[in-house]
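S.K.: Dropping the sequence and predicted coords here.
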Amino acid sequence: MAEWGDERTVAVTLVLATGERRYQVPVTGGTSVLAVLDHIQRHLDPDLAYLASCRRGFCDVCVVRVNGKACRSCLQLVEGDELRIEPSRADRAIRDLAIRL
C-alpha cells in the first residue's frame, strides 16, 4: 500500500453509456476517488460530468461504483494500480457519472 506522499500512476477506466474512457492519473497515498475525478476533469477531460456537493449538505451525491462496489467517491481512497469507475445506477445516468437524484 502506498504511503502518504509516495507518488504513482493509476490506470483509470470510466465506464459510461457512451463507452469506456481511459486515463493515467498521478496519485499519492491518501488520494480519494473524487480527487481522481477532479484531476481528470481539470487536466484531461474538461467535459467529464459527475456530481459532488461535499460541504454543501448533499451527502451521498458523489456515490459511484469503484471496481464494482458502490461508495462515496469523497471518502473512498485509491487502492491498487487500476480503477474502474461507473455510475452508481446506470439506469439513472443523465450524463457520464452524473445520475438523476
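M.R.: Yes, it's here.
S.K.: now the strands: where do they sit in the chain?
M.R.: Under the criterion DSSP state E, the chain contains strands at 8-16, 19-27, 63-66, 69-72, 82-87, 93-95, 98-99.
S.K.: and for the last one, what are the contacting residues?
M.R.: It stands for strand 98-99. 49-51, 87-89, 92-93 (CB atoms under 8 Å, 6 or more residues apart in numbering). For every residue, glycine as well, the C-beta is placed using N, CA and C.
S.K.: same check, this time on stretch 81-91
M.R.: 8-17, 33, 36-37, 63-68, 70, 73, 93, 96-99.
S.K.: now do the same end-to-end measure for that stretch.
M.R.: For stretch 81-91, the first and last residues are 28 Å from each other (CA to CA, to the nearest Å).
S.K.: that older thread, filter the contacts of stretch 81-91 to the buried ones?
M.R.: 10, 12, 14, 16, 33, 36-37, 63-66, 73, 93, 96-99 (16 or more other CB atoms under 10 Å).
S.K.: before we move on, the earlier item: may I see the strands of the chain organised as CSV, with distance to Asp45 and mean pLDDT added?
M.R.: CSV is the format used below for the strands of the chain (distance: least, CB to CB, whole Å; pLDDT from 0 to 100):
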stretch, distance to Asp45, mean pLDDT
strand 8-16, 9, 96
strand 19-27, 7, 97
strand 63-66, 16, 95
strand 69-72, 21, 94
strand 82-87, 13, 96
strand 93-95, 13, 83
strand 98-99, 14, 83
